[in-house]
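Peer 1: Got a sequence here, can you model it:
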Amino acid sequence: MDTILRRKLTLTLTLTLLCLAAPAHAQVYFDFTSGGVTSGSSFGNSITFTSGDVTLKATSWADTGANDTFESARIRSWASYGLGSCNRNEGSNCSNPEHQFDNYGDHDYALFVLTGGTSEVLFNTITLDPYNTWDRDVSFWIGTIDPGLDLTGYDKMDLAMLGFGAQMDVFNSRSSAAIEIALNNISGNALLIAPNADQTSTYYRHVDRFKITGLEAEEMARVPEPATMFLFGGGLLGGALIRKRRPGLTVES
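Peer 2: Numbers count the residues shown, from 1 in each chain. Below is the predicted model:
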């Protein structure tokens with residue numbers, strides 16, 4: 001009887017701890033074609049979006065500084081079309097087509113930093129709309145960074161030391177169709193994305209241009225600390241032993 005009880009206890013405890021340890025994922029989606037709270041109206045401004053208990057702060061940057069270092073740009077929202085950017089060489093009120101993220105002369109970058117909820121998410125997909133017929137090659141970096149990071153004065157070669165992972169590139173054909181880019185379910189709290197960061201073109205047919213319409217990610221639930229699981233498991237075991245010792249209690253085989 002004791003052997004049977006021990007087996008049942010072992011199985012129950014194992015299954016319980018596995019359930020506690022398994023991270024649960026909650027889907028979050030940010031629609032950049034509507035909503036959002038804008039802070040500031042010139043270079044260095046930001047737009048904030050919320051999905052569930054996760055807050056996303058969007059800013060834009062460009063390599064318009066000395067020696068191609070980053071300077072803040074102005075991020076803007078266009079209803080139905082999503083997020084675009086005006087860099088310092090274009091002017092804060094730039095017009096079509098410069099108000100898209102592009103690599104015409106300079107490289108524009110969008111930085112998305114997530115806070116609240118859990119400390120990290122799995123980045124699933126991002127949706128881009130070329131808003132005309134343009135090339136749609138993309139470079140992106142995902143990492144865990146200081147939420148207050150200011151990219152001013154850095155360049156893309158500094159991204160690793162700032163907490164970003166390796167540069168990922170996705171090459172797409174020239175088209176006017178919106179496209180969904182897989183972000184490979186990489187975990188982090190920040191996404192930096194740009195039109196092909198290794199190409200600069202002034203020939204229109206080679207320019208990569210797009211607005212950003214949406215971002216999908218999965219919020220990762222916190223895994224219980226080992227001490228918590230130990231105490232919980234110990235409680236189960238102790239309760240079961242007390243139950244066994246109660247007089248008149250039988251254990252079914």
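Peer 1: The closest residue to A178 other than its chain neighbours: how many residues sit nearby?
Peer 2: Closest residue to A178 apart from its sequence neighbours, by CB to CB, 6 or more residues apart in numbering: D129 at 4.3 Å. (C-beta placed from N, C-alpha, C; glycine too.) D129: 25 surrounding residues under other CB atoms under 10 Å.
Peer 1: And the pLDDT for D129?
Peer 2: The per-residue pLDDT reported for D129 equals 97.
Peer 1: tell me the phi and psi of it?
Peer 2: The phi and psi values for D129, taken as degrees, to the nearest 10, are phi -130, psi 110.
Peer 1: Contacts only, for it.
Peer 2: Contact analysis of D129 by CB atoms under 8 Å, 6 or more residues apart in numbering lists Y81, G82, A178, F210, K211, I212, T213.
Peer 1: Work out for me the element the last one sits within.
Peer 2: So the one you mean is T213. Per DSSP states H and E: T213 is located in strand 209-220.
Peer 1: name the helices or strands packed onto that strand?
Peer 2: Here strand 209-220 touches strand 25-31, strand 54-62, strand 82-86, strand 101-102, strand 108-115, strand 121-129, strand 190-195, going by 3 or more CB pairs under 8 Å, 6 or more residues apart in numbering; DSSP states H and E.
Peer 1: can you rerun that using 7 Å?
Peer 2: Contact here means 3 or more CB pairs under 7 Å, 6 or more residues apart in numbering; DSSP states H and E; on that basis strand 209-220 packs against strand 25-31, strand 82-86, strand 101-102, strand 121-129.
Peer 1: Excluding sequence neighbours, find me the nearest residue to V28.
Peer 2: Nearest non-adjacent residue to V28, counting by CB to CB, 6+ apart: S51, 4.1 Å away.
Peer 1: Can you give the domain ranges for the chain?
Peer 2: Per automatic domain parsing, the structural domains of the chain span 2-19+225-245, 24-220.
Peer 1: Out of those domains, which is the most enclosed?
Peer 2: Comparing those by mean neighbour count (mean count of other CB atoms under 10 Å), domain 24-220 comes out on top with a mean of 18.
Peer 1: pLDDT below threshold where in the stretch 151-253 of the chain?
Peer 2: 221-253 (pLDDT under 70).
Peer 1: What of the stretch 1-150 of the chain?
Peer 2: 1-25.
Peer 1: Out of the helices and strands packed on strand 209-220, flag the one nearest E71.
Peer 2: strand 82-86 (11.7 Å; CB to CB).
Peer 1: Show me how far that closest one is from its chain's centre.
Peer 2: Relative to its chain's centre, strand 82-86 lies at 18 Å (CA atoms, centre = their mean, to the nearest Å).
Peer 1: quick revisit: would JSON lines of the contacts of D129 with distance to G117 be doable?
Peer 2: As requested, the contacts of D129 are exported to JSON lines (distance: CB to CB, whole Å):
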{"residue": "Y81", "distance to G117": "28"}
{"residue": "G82", "distance to G117": "23"}
{"residue": "A178", "distance to G117": "27"}
{"residue": "F210", "distance to G117": "28"}
{"residue": "K211", "distance to G117": "26"}
{"residue": "I212", "distance to G117": "21"}
{"residue": "T213", "distance to G117": "22"}
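Peer 1: Pick out whichever of the residues you listed sits closest to F123.
Peer 2: I212 (13.2 Å).
Peer 1: Give the bridge partners for the closest one, please.
Peer 2: Beta bridges link I212 to L83, L128 when assigned by DSSP bridges.
Peer 1: Does it touch D31 like I think?
Peer 2: No. Using CB atoms under 7 Å, I212 is not in contact with D31, being 10.9 Å away.
Peer 1: can you list contacts of stretch 31-40?
Peer 2: The contact list for stretch 31-40, computed with CB atoms under 7 Å, 6 or more residues apart in numbering, reads 45-49, 77, 79-83, 212-214.
Peer 1: Return the distance of the nearest residue to A177 once chain neighbours are set aside relative to G36.
Peer 2: Nearest non-adjacent residue to A177, counting by CB to CB, 6+ apart: P130, 7.5 Å away. Per CB to CB, to the nearest Å, P130 is found 21 Å from G36.
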